[in-house]
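Colleague: sequence? don't have it. structure:
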């Protein structure tokens, strides 16, 4: 049985789609001002999903690079480090985006009443999402 090869455009679409969906939800979440009460916990879910979507993109990228022979097979643990590292980098960039948004547009995306604790919690949620996806899905993706 021949293995189907994914073209570059399909690989990019598969990698970016979950992140775009999470970004849209985060944007709606921020615009509608759901920072109080029950919806305040939605931020945790969005950060975990965001970290997972970036890890997904990293695994898809690695799979595509291996399929076109640009990257040799990697040990599972190295793929996990790459995927979680990508989630961490995007999480840091997202927190900087929120900081700049708060500074120049006078919003409260970083929930300034909680300060650094909120930022650190968000980064931890990003890492948790990246790690969960890597452990649950990355192993199967690395064996393909």
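Modeller: That came through fine. Note that the structure is predicted; figures quoted are calculated from it, not measured.
Colleague: surely residue 119 and residue 94 touch.
Modeller: No. Taking Cβ atoms under 8 Å as the contact criterion, residue 119 and residue 94 are not neighbours in contact, 10.0 Å apart. Every residue, glycine included, has its C-beta placed from N, CA and C.
Colleague: next SSE after the longest helix along the chain?
Modeller: The helix of greatest length in the chain, counted in residues with DSSP state H as the criterion, is given as helix 76-105. Using DSSP states H and E, the next helix or strand after helix 76-105 towards the C-terminus is helix 116-133.
Colleague: for that next one, packing partners?
Modeller: Where contact means 3 or more Cβ pairs under 8 Å, 6 or more residues apart in numbering; DSSP states H and E, helix 116-133 is packed against helix 42-67, helix 76-105.
Colleague: where does this structure have low pLDDT?
Modeller: Counting by pLDDT under 70, the ranges of the chain that qualify are 1-6, 30-31, 33-40, 108-114, 141-144.
Colleague: burial of the closest residue to residue 14 other than its chain neighbours, as a residue count?
Modeller: Counting by Cβ to Cβ, 6 or more residues apart in numbering, the nearest residue to residue 14 once its immediate chain neighbours are dropped is residue 60, at 5.1 Å. Residues near residue 60, counting by other Cβ atoms under 10 Å, number 22.
Colleague: so which strand or helix has residue 16?
Modeller: Under the assignment given by DSSP H and E, the secondary-structure element containing residue 16 is helix 8-31.
Colleague: pull the distance from that helix to the chain's centre.
Modeller: 9 Å (Cα atoms, centre = their mean, to the nearest Å).
Colleague: give me the contacts around it.
Modeller: Applying Cβ atoms under 8 Å, 6 or more residues apart in numbering, the external contacts of helix 8-31 come out as 6, 39, 42-43, 46, 49-50, 52-54, 56-57, 60-61, 63-64, 107, 109.
Colleague: so that helix versus helix 42-67, what angle?
Modeller: Here helix 8-31 points in a direction 170 degrees away from that of helix 42-67 (axes from the mean of the first three to the mean of the last three Cα atoms, to 10 degrees).
Colleague: sweet, I'm off.
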